[in-house]
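A.B. asks: attaching a predicted model along with its sequence, questions to come.
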Amino acid sequence: MNGTLVLLVVIVSIAVTSLAKRRDLQVPLVLVAVGSAASFIPGMPRLELEPEVILGLVLPPLLYSAAVDFSMSSLRRNIAPILRLGVGLVLVTAFAVGFFANWIVPELTLGAAFVLGAVVSPTDAVSAVTVGRKLGLPRRVLAILTGEGLLNDATALTLFTVGVSAVAGTRVVVEQPVLFFLYEVVGGVAVGVAMATVVRLVRARMYDSPLETVLGLVLPFAAYLAAEEIHTSGVLAVVVAGFLMGHHATDVSIPTRLQERSLWATLDMLLEMFVFAYMGLQLKFVIDDVADEGLPVHHVFAYGFAVLAVVILVRPLWVFLNWGPLRLRFAARRAGTTGLTWKQQLVVSWAGMRGVVTLAAAGGIPVLTASGDPFPGRGVIQAIAFVVAVGTLLIQGATIPFLIDRLDVADPAEAERVREQTELARRVAAVAADRALAEVAASPPPGADPDEFVRALNRVRVSVRAQAQVEEAEGDNESATRLRKAGTVFDSVRRRVLQAQRSALIEARDEGFLDDEVLRAELESRDIEEAAAEQRVRRRRG
């Protein structure tokens, strides 16, 4: 039944998403609202997925896709704020919520309250980054939010594991919490590096783009499961594997890169639609669970709104305390960069939406402890987690577009850097093209007609395509044959120029002159053009 219901949810989510985009509405909010309303339809069955399914099937591809597109240079430049948010803020939120919940919620022991803190501490930056990119947030702000989203899940799930084991009396690999955290981090990073290295070695010996793409699709799931099997951080394993594969994406063939871009964009959209619809569909059943445990529903949801207020308040306090003027000047002198403006800090502080990790972690709390007693406050934790996840999405998610739109968060220095980087990339590509053309002119392809070869060189220099002429001349066999030969020469020369440009751009990135984002933008159009040229050559040969 669940399988059929999942398919129905996906189909309806696609229709709702299409309608929301047509009306320029925020897709996550619409899906949550529609899902919440649908949960109250009489006879609506409960869609309940095991936490292992969500964490093992939904989370890895979302994390991997974001990590593949993340820039290593951006990570290095913004490592301090990413760590402050992805580790520091998670710890502060978990402890603040833990102490507060223990004080206000009578059903929770101190240990159970800290489990609740770990559950609600990680943010889901998907919707914030999507809206921010659409409304023109500076790249640095987007990089910080993305980096935080990639890191905070690992921190929160490690805290969650430690907290649950302490309350339930179960054992973990390393009993000491700090050592266990280090074991999770080091083990997750090691697994991610190992899995990415294996995939890269295997791909280097493959000459089949569909198989290479399938291998890349399997990687995030394999990395996650391998890390979880030895009780390390599966999230970190996926993120590290994604970083490495994204940095070395230039090593794979052009058809593979093109296929993977389309694959991950499609898969991301599908999973995100399902996640937000799934969150909304839990509303009625969360209420039923609280009532079944004999707890007053209005009291539990009042606790949830109180915790929601704490969660929302902690983030701006942490952001502004850690990005104060003195801290900014010190960081700028040390790193050679300017800090975020107060308007950019305000946007970062308001981008605290929670998501599927919060719901999955809450669902993963065991029913019984090791001694056979009920886990203290399990139903209350799940209800509060739902209120926090949906509440942050509806409150912060609904207002952050207005905040970004009203504030002037543009970064002139960053815009100037991007312009300089783009100009540098084009100069590098132009020099490489001239060098390649000179080499081709000095050694024409064997058997090429001299006149047609000169014409091909000229067409390449002015980027004029010959394919339209070939198609128009199909009725004249002699002209068509001559133009096909000229087109073949054109395409072969153009491909050689594109390959030279690609090598020069990659070399500039490896030497630290170009950022990954600029490199990918410059390579994307060249990949498409080279793939088209290669396809035309194959068609002529066929």
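C.D. replies: Great, that's in hand. Predicted model, so just to flag it, every value in this text is computed and none were measured. Numbers count the residues shown, from 1 in each chain.

A.B. asks: who touches Leu89 in this structure?
C.D. replies: Residues in contact with Leu89 (Cβ atoms under 8 Å, 6 or more residues apart in numbering) are 121, 148, 152, 314-315, 318-319. Placement of C-beta: from N, CA and C, glycine included.

A.B. asks: to clarify, my last question referred to Ile14.
C.D. replies: Met273.

A.B. asks: report pLDDT for the residue most central in space within the chain.
C.D. replies: In the chain, the C-alpha nearest the mean C-alpha coordinate belongs to Ala66, at 2.2 Å (Cα atoms, centre = their mean). As summarised for this prediction, Ala66 has a pLDDT of 85.

A.B. asks: OK, contacts around Ala360?
C.D. replies: Here Ala360 is in contact with 51, 54-55, 59 (Cβ under 8 Å, 6+ apart).

A.B. asks: change it to 7 Å
C.D. replies: 51, 54-55 (Cβ atoms under 7 Å, 6 or more residues apart in numbering).

A.B. asks: how far away is Phe285 from Arg354?
C.D. replies: Computed as Cβ to Cβ, to the nearest Å, the Phe285 to Arg354 distance reads 18 Å.

A.B. asks: and those two? Which one has more around it.
C.D. replies: For Phe285 and Arg354, the more surrounded residue by other Cβ atoms under 10 Å is Arg354, and the numbers stand at 26 against 16.

A.B. asks: does the more buried one count as helix, strand or coil?
C.D. replies: Of the three states, Arg354 takes coil according to DSSP: H, G, I helix; E, B strand; the rest coil.

A.B. asks: how near is the nearest residue to it once chain neighbours are set aside to Glu184?
C.D. replies: Computed as Cβ to Cβ, 6 or more residues apart in numbering, the closest residue to Arg354 that is not its neighbour in sequence is Ala389, at 4.2 Å. With distances taken as Cβ to Cβ, Ala389 is found 24 Å from Glu184.

A.B. asks: correct me, but the residue nearest to Arg354 touches Gly280?
C.D. replies: No - in this structure, Ala389 is not within contact of Gly280 by Cβ atoms under 7 Å, at 10.3 Å.

A.B. asks: show me where the stretch 201-350 of the chain has its helices.
C.D. replies: In the stretch 201-350 of the chain, the segments counted as helices under DSSP state H, counting those that start in this stretch are 209-229, 234-247, 254-281, 283-292, 297-322, 325-335, 342-350.

A.B. asks: the stretch 351-500 of the chain too?
C.D. replies: Along the stretch 351-500 of the chain, the stretches classed as helices by DSSP H, counting those that start in this stretch are 356-363, 378-406, 412-442, 450-461, 467-472, 477-510.

A.B. asks: could you tell me the least trusted of those helices?
C.D. replies: Of all the helices of the stretch 351-500 of the chain, helix 467-472 carries the lowest average pLDDT, namely a mean of 39.

A.B. asks: related to what we said a few turns ago, by neighbour count, which of the contacts of Leu89 wins?
C.D. replies: When neighbours are counted by other Cβ under 10 Å, Ser121 leads the contacts of Leu89 with 31 neighbours.

A.B. asks: contacting residues around it?
C.D. replies: Counted by Cβ under 7 Å, 6+ apart, Ser121 has contacts 90, 93-94, 156.

A.B. asks: identify the farthest-apart pair in those residues.
C.D. replies: Using Cβ to Cβ, the contacts of Ser121 span at most 8.7 Å, a distance reached by Thr93 and Ala156.

A.B. asks: hmm, back to that, may I see the contacts of Leu89 arranged in TSV, with distance to Arg203 and pLDDT as well?
C.D. replies: Shown next, in TSV, are those (distance: Cβ to Cβ, whole Å; pLDDT from 0 to 100):
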residue	distance to Arg203	pLDDT
Ser121	37	94
Glu148	30	90
Asn152	30	90
Val314	43	96
Arg315	40	95
Trp318	41	94
Val319	40	91
